[in-house]
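Enquirer: Build the 3D model from these lines:
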Amino acid sequence: MEKTLVICKPDAVQRGIVGEIITRFEKVGLKIVGVKMLQPDTAHYYHHYETISKMATRRGQKALDVTLKMLEAGPVIAMVLEGVEAIEQVRKMTGTTEPKSALPGTIRGDYAHVSFMHADNLQLGISNIIHASGDAVEAKQEIAHWFKEDELFSYSTTHDEFTQPKK
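Expert: Numbering: from 1, shown residues only. Predicted structure coming up:
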């Protein structure tokens, strides 16, 4: 089974839609193996968004700076989801990074609508509800950054009957 990191950003927490987001993941059979609320400092976010995912390298230092400021606006819900091809499944459900371009039915498409241009004009981080690991390497590094080993759990669900070999 594959694991991935999902972060419900401050805009999701402040709007009270975290439960709906979690429900979507559970309904497709993804299992929550770790979850917590926290309010990380700038260094924690910097490690996540630049050391691991190279945001400044990809989008520029200004984009990283406004993202860090936006993330510090309040607490987040971090979770580790597990399931068959969990990374790809979560990315598909999350939708594209720019909410304006995200398709209806995706989390960003249903709960956000801001464009990069609008956020850039106001020098704001893009309020796009959620973070999802981009690939297996990133997921492994992000999970280790956000969770200690003893904060992740193993248990059975009814979905396991259909996705795991019979004993």
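
Enquirer: show me where pLDDT drops low in this protein?
Expert: 167 (pLDDT under 70).

Enquirer: What ranges does this protein have for its helices?
Expert: 10-15, 18-27, 42-46, 55-59, 61-71, 86-94, 107-111, 116-121, 136-146, 160-163 (DSSP state H).

Enquirer: ok, and for the fifth one, which residues are buried?
Expert: By that I understand helix 61-71. Buried positions in helix 61-71, judged by neighbour count with 16 or more other Cβ atoms under 10 Å: 63-64, 66-68, 70-71. Every residue, glycine included, has its C-beta placed from N, CA and C.

Enquirer: residue contacts, the closest residue to L124 other than its chain neighbours?
Expert: Spatial nearest neighbour of L124, excluding adjacent residues (Cβ to Cβ, 6 or more residues apart in numbering): V66 at 5.9 Å. With contact set as Cβ atoms under 8 Å, 6 or more residues apart in numbering, V66 has these partners: 119, 123-125.

Enquirer: Closest one of those to P10?
Expert: G125 (9.5 Å; Cβ to Cβ).

Enquirer: ok, the closest one - how many residues close by?
Expert: Look at G125: counted by other Cβ atoms under 10 Å, it has 22 neighbours.

Enquirer: ok so, going back, CSV please, covering the helices of the chain and showing distance to M79.
Expert: Formatted as CSV, the helices of the chain follow (distance: least, Cβ to Cβ, whole Å):
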stretch, distance to M79
helix 10-15, 12
helix 18-27, 7
helix 42-46, 16
helix 55-59, 21
helix 61-71, 16
helix 86-94, 10
helix 107-111, 13
helix 116-121, 25
helix 136-146, 9
helix 160-163, 18
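
Enquirer: To S154, which of those lies closest?
Expert: helix 160-163 (10.7 Å).

Enquirer: Keeping just the C-alphas, turn that closest one into CSV.
Expert: Written as CSV, here are the backbone C-alpha positions of helix 160-163 (Å, rounded to 0.1, in the frame of the first residue of the first chain):
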residue,chain,number,x,y,z
ASP,A,160,-8.8,-4.0,2.7
GLU,A,161,-10.9,-7.1,1.9
PHE,A,162,-11.1,-5.9,-1.7
THR,A,163,-7.5,-4.4,-2.1
